[in-house]
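> A predicted structure for the sequence below; I have some questions about it.
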Amino acid sequence: MAESEVNARRKSARRTTRRVFKAYRPQEGTYDELFSADGTPRAEFCKIVEIIDSMGTGEFRARQKLADAAFLKGGITFSVYSDNRGVEKIFPFDLIPRPVAAAEWAKLERGLEQRIRALNLFLADVYGEQRILRENVIPRALVEGSRGYLRQVQGIKPPGGVYIHVAGIDLIRRPDGSFCVLEDNIRTPSGVSYVLENRRVMKRVFPRIFAEASVRSVDEYPMRLREALAGVAPRDNPRMVILTPGPFNSAYFEHSFLARRMGCELVQGQDLFVWQDKVFVKTTQGPQRVDVIYRRVDDQFMDPKVFREDSMLGVPGIMGAYARGNVALANAIGNGVADDKAVYPYVHDMIRFYLSEEPLLAQVETFICAREKDCAHVLANLQKMVVKAVDESGGYGMLMGPQAGRKQLDEFAERIAKNPRGYIAQPRVELSTCPTWVDKGVGPRRVDLRPYIVTGKTTWALPGGLTRVALVEGSYVVNSSQGGGSKDTWVMGQA
Amino acid sequence: MISRVAESCFWMFRYMERLENVARLLDVNLLLVLDANLRDQERWRPVLIVAGEEPRFLERFSAAEADKAERVQDYMVFDEQNPVSILSSLRWARENARSIRETISLEMWEALNSFWLWLGEAGRRRFTRDRHDFYSRVKEQCALFHGLTHNTVMHNEPFNFMRLGMLLERANQTARVLDVKYHALGPTSAERESLAESAQWLALLRSCSGYESFFKQASAQLTGTAIAAFLMLEPDFPRSVLYCVSRAVNFMNRVRGQGNPMGERSAAALGALHRELEQATIRKIVAVDAGIHRQCTRIVQATADICDAISTDFFDPPLPRMTEFMTRGELAQQA
């Protein structure tokens, strides 16, 4: 859409200006990110609310269209079906930002850093001395029975001792306004490209709002990641590459986006080969040594000689190079044991055990079906519970008890009884809401927050993160694969 | 650069070049059939023949359909089962671009992606409403893409492979168009040609955007051999085979500069074709029976062979060859 067209729309909108938040009422029993329970804007975000509100619904809609067009033209798409038409969907984007106050963010930052530190020590321990298991802080059977636990990397020390180079920790806000951790994603968390692209589009369609509100920049992420990876490289002047499963992977846009922004090469498994326990990339000038691989391929597909034999995505022999310390892989192999949903309830114990600190971030009460007592409780209260498969992500393998029908409940009860180690359950948390543009106006929709934490020689959290929003009224599920959208997250600068 | 990325650069431009040629061919033909007095099978069938699509077309449609303007154009523009339709070429150009977005510029990607989105919707409407305008826009989109490429990426290795892909495809296409038209019309001289024939020679020139250039030559005469000489051997015309091949040699030299051990086979094959064309004269070519047809066939085959050689040399070299380099110590400092 041309600027003149926007101006024309703006003029016509002025004639019939209807304030954006005129009819907005926060939902009872939840925390609203922008408004207090009495329906007045939260003091620290008054200005943001006022600017959007006074824009009027007409102009707001015009801006939303502009944003959608920008996403489509840029090919910023999340889901790619490999049929002939090449259907690519844009990740629905909502223009109303989700702000986080400066002081609140500072608190979160400390909590996240602490959590990553503990999880990293846990991984080093599990794949090393196993002190935490010997001292029975976490049951051995639980850890060794995890699908994410990989015997094949027992004893391997990754370069620099770093396991979790990139983490995406999912946070939710409870009705009392406190944040808590819903789950840890420390294998190959995705979504950060949307954080950066959302901001770019947002700046383009809302230049005025940025000029007036003080929002912290997210732009340095690629540079920080690059630095972190260089920090764990086994050699000086390292050649760093990003390994993608290929253009048909749903997160392909992100892989290529990061490669571009980090100035790294984007490779597929077929581009690499291993020779004498060293990794090489096939180039038009012959083979070249590779030192660091930011890999977006799952553990099980990394090396057909060690893991799944049928994998076409990995590099045969790469585990040998990794074991000898000739290549750094980010994230490390075997991290799945630490973000297993049945291990999650023990993260507070890890923090106390390794750091002798009190946990700064709360987490959700969790019933581990592998424990008999918990399992009985879960089965008896299934319709009040959210049940999750321990090694799934993306909102798959989930039961929302309160919304489920009889048939689905029975089905899950059976599944849990058959494989208790495979499931955990949590009481449903009332996720906070944020005003969101829906068909006819603005309504409250549930949101979560996934901050990204990068670790190399030091740890750094991207100010903000991905705010996902459940666009369906009343829905608690924010995953993009389940009809969720996203918002720009604004961490406010110190006033 | 990474071999697979080089391959995508190369193919992206081959596809773009191919679709531009199809658009030009259809556009020219559209005007030609309006007033040239042609027999039915001379009207649209040659377009299918140039594209190498006649057999596949006839598997699905009757022979009579091959003479129908709408059927042939639809087949060459939107048919998803036709691998060289504009739609198919653009899809594959875009798929290649999508797999190397970190290599091409944002401008290139946006231009290509907009083109793709346009072809699916607004373009389809334009095709129904104003055919000539549709083809013009396709050509414009290609020109935009080439211009952006030239001005927004580094002129280093990826660019060299893009250029190689474009030039080799272009040489191949020019030879194909010439061959088919020449075959249909046969050698002729200015004195004894019919009106319909001269219109077709002009159309051939237009199909290669060579009409004005041709007549700027002092000795321009509208004869088959003169046009064949121009399209094959004119060193300064950007769509002549010789021009494309000699430019391709330049880009090959750049790719192989600084002691790159790869590419011996492709450089040799390309060099051989180049020398051959440099030494050729139209007199020598037509002295042989069906000389122009033979020469065109030779060019089509040679460019295809060069592309194959480039593929095994640079894009998918066998692993033993890779480790051979290392054991020879050329990369010892790396290992």
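Looks like it came in fine. Model, not experiment: these values are computed from the prediction.
> rest of the way, CA atoms for contacts and neighbours
Will do.
> Quick check: the gap between B:Gly271 and chain A.
19 Å (CA to the nearest CA, to the nearest Å).
> Next up, the contacts around A:Gln285.
Shown in contact with A:Gln285 (CA atoms under 8 Å, 6 or more residues apart in numbering or on different chains): B:Met1, B:Asn260, B:Pro261, B:Met262, B:Phe314.
> From those, list the ones also adjacent to chain A.
Subset of those in contact with chain A: B:Met1, B:Asn260, B:Pro261, B:Met262, B:Phe314, counting by CA under 8 Å from any CA of the partner chain.
> Who wins on neighbours among those?
Highest neighbour count within the ones next to chain A among the contacts of A:Gln285, by other CA atoms under 10 Å in any protein chain shown: B:Phe314, with 25 neighbours.
> that older thread, out of the contacts of A:Gln285, who's nearest A:Tyr346?
Closest approach to A:Tyr346 among the contacts of A:Gln285 (CA to CA): B:Met1, at 46.1 Å.
> wait, the closest one sits on B:Glu157?
Yes: in this structure, B:Met1 is within contact of B:Glu157 by CA atoms under 8 Å, at 7.0 Å.
> who in the stretch 1-150 of chain B is up against chain A?
Within the stretch 1-150 of chain B, the residues that sit near chain A (CA under 8 Å from any CA) are B:1-4, B:6, B:98-103, B:109-110, B:113-114.
> Which of those residues sits closest to B:Asp289?
Out of these, the member with the shortest distance to B:Asp289 (by CA to CA) is B:Ala6, at 40.6 Å.
> okay, now residue 102: neighbour count?
The chain I'm using is chain A. Residues lying near A:Ala102 (other CA under 10 Å) number 19.
> that's the wrong chain, I wanted chain B
Counted with other CA under 10 Å, the neighbours of B:Glu102 add up to 24.
> Am I right that it sits in a helix?
No: according to DSSP: H, G, I helix; E, B strand; the rest coil, B:Glu102 belongs to no helix; its state is coil.
> Now the residue nearest to it when sequence neighbours are not counted: which helix or strand?
Spatial nearest neighbour of B:Glu102, chain neighbours left out: A:Arg260 (4.4 Å); criterion: CA to CA, 6 or more residues apart in numbering or on different chains. Per DSSP states H and E, A:Arg260 falls inside helix A:252-262.
> Please write out the alpha-carbon positions of that helix in PDB.
What follows is helix A:252-262 as a C-alpha-only set of coordinates in PDB (Å, rounded to 0.1, in the frame of the first residue of the first chain):
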ATOM      1  CA  TYR A 252      13.200 -22.400   7.500                       C
ATOM      2  CA  PHE A 253      12.600 -18.700   7.300                       C
ATOM      3  CA  GLU A 254      14.200 -18.300  10.700                       C
ATOM      4  CA  HIS A 255      17.300 -20.300   9.800                       C
ATOM      5  CA  SER A 256      17.900 -18.300   6.700                       C
ATOM      6  CA  PHE A 257      17.100 -15.100   8.500                       C
ATOM      7  CA  LEU A 258      19.700 -15.700  11.200                       C
ATOM      8  CA  ALA A 259      22.300 -16.800   8.600                       C
ATOM      9  CA  ARG A 260      21.800 -13.500   6.800                       C
ATOM     10  CA  ARG A 261      21.800 -11.400   9.900                       C
ATOM     11  CA  MET A 262      24.800 -13.200  11.600                       C
END
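> which other residues reach that helix?
Here helix A:252-262 makes contact (CA under 8 Å, 6+ apart) with A:75-78, A:190-194, A:222-223, A:225-226, A:241-247, A:264-266, A:296, B:99-103.
> again, only using 6 Å
Helix A:252-262 is contacted by residues A:Ser193, A:Pro222, A:Glu265, A:Leu266, B:Glu102 when judged by CA atoms under 6 Å, 6 or more residues apart in numbering or on different chains.
> Can you give me the pLDDT of the first one?
At A:Ser193, the pLDDT value in this model is 93.
> And the closest residue to it other than its chain neighbours, what's its pLDDT?
The shortest distance from A:Ser193 to any non-neighbouring residue, by CA to CA, 6+ apart, is to A:Glu254 (5.3 Å). On pLDDT, A:Glu254 comes in at 91.
> The stretch 51-200 of chain B: helices as residue ranges?
Remark: helices assigned in the stretch 51-200 of chain B by DSSP state H, counting those that start in this stretch are B:54-60, B:69-77, B:86-99, B:106-120, B:122-129, B:131-152, B:157-185, B:195-207.
> what residues does the second one touch?
So the one you mean is helix B:69-77. B:Ser85, B:Ile86, B:Leu87.
> neighbours of the first one, just the number please.
Spelled out, it's B:Ser85. 24.
> If we ignore the residues flanking it in sequence, what's nearest it?
B:Ser85 sits nearest to B:Met76 (CA to CA, 6+ apart), 4.4 Å away.
> Cheers, nothing more for now.
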